[in-house]
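>>> Okay, predicted coordinates and the sequence, questions at the end:
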Amino acid sequence: MKIPLDYICVKTGVLCPRCQRLVDSGKVDKKEIPVMKALIELEEEKEFKFLKDLNYIRTIWSEDLCVIVVKSDMQSQYQLKKVAKALSEKLNVRVQIVEDTRDLKKLASELLSPVRIVGVNTIWLPDGTTEYVIRISKYDARALPTKVEVLEDVFHKLFKSPAKIKME
């Protein structure tokens with residue numbers, strides 16, 4: 001797995017000057033180091049050798065949910081769900097792994113899985129900002145992975161624009 005910090009620094013927990021500068025500058029959050037360490041430990045297991053092909057982008061924390069953004073060439077969501085389950089057990093928090101994409105509908109379907117997305121609307125506000133509305137079926141709302149407010153916060157952090165989840 002390609003990560004922004006050195007493997008040895010992440011494994012030992014002692015950061016070299018380069019890695020320390022990345023943490024101090026805010027490019028890498030201190031909370032991301034345990035996530036990277038857990039990913040490296042999983043990569044060493046025979047079952048998760050495919051993690052070598054992933055690029056770690058960042059981790060977003062929101063209350064009881066940890067969203068890991070990765071870039072990969074593989075198309076298997078099943079494998080990523082398996083990794084998320086193993087990480088959930090290691091980190092003692094609910095973990096979702098999503099692809100790094102600017103396609104809001106694809107990202108929403110990965111993050112809200114197994115809920116079906118009815119539609120995604122973009123609202124352009126008079127002050128020049130945008131807001132997103134992710135529409136889901138009210139019957140699927142009970143299958144959401146966590147609270148609506150937490151998911152809206154994650155979308156806000158991912159897209160740097162407000163997002164609302166609307167049940168129809």
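That came through, no problem.

>>> for this structure, what spans make up the strands?
Per DSSP state E, the chain carries strands over the ranges 55-62, 65-71, 94-99, 117-124, 130-136, 163-167.

>>> wait, which of those is closest to residue 36?
strand 55-62 (6.5 Å; C-beta to C-beta). To be clear about C-beta, it is placed using only N, CA and C from the backbone, and glycine gets the same treatment.

>>> Show me which positions of that closest one end up buried.
56, 58-62 (16 or more other C-beta atoms under 10 Å).

>>> Stretch 99-112 too?
99, 104, 107-112.

>>> what does the longest helix anywhere in the chain rub up against?
In the chain, assigned by DSSP state H, the helix with the most residues is helix 77-91. For helix 77-91, contacts defined as C-beta atoms under 8 Å, 6 or more residues apart in numbering pick out 34-35, 38-39, 41-42, 48, 50-51, 66, 68, 70, 72, 94-97, 110, 113.

>>> Check stretch 107-121 too.
Taking C-beta under 8 Å, 6+ apart as the rule, stretch 107-121 contacts 67, 77, 96, 98-99, 101, 104-105, 132-137, 140-141, 143-145, 151, 154-155, 158, 165, 168.
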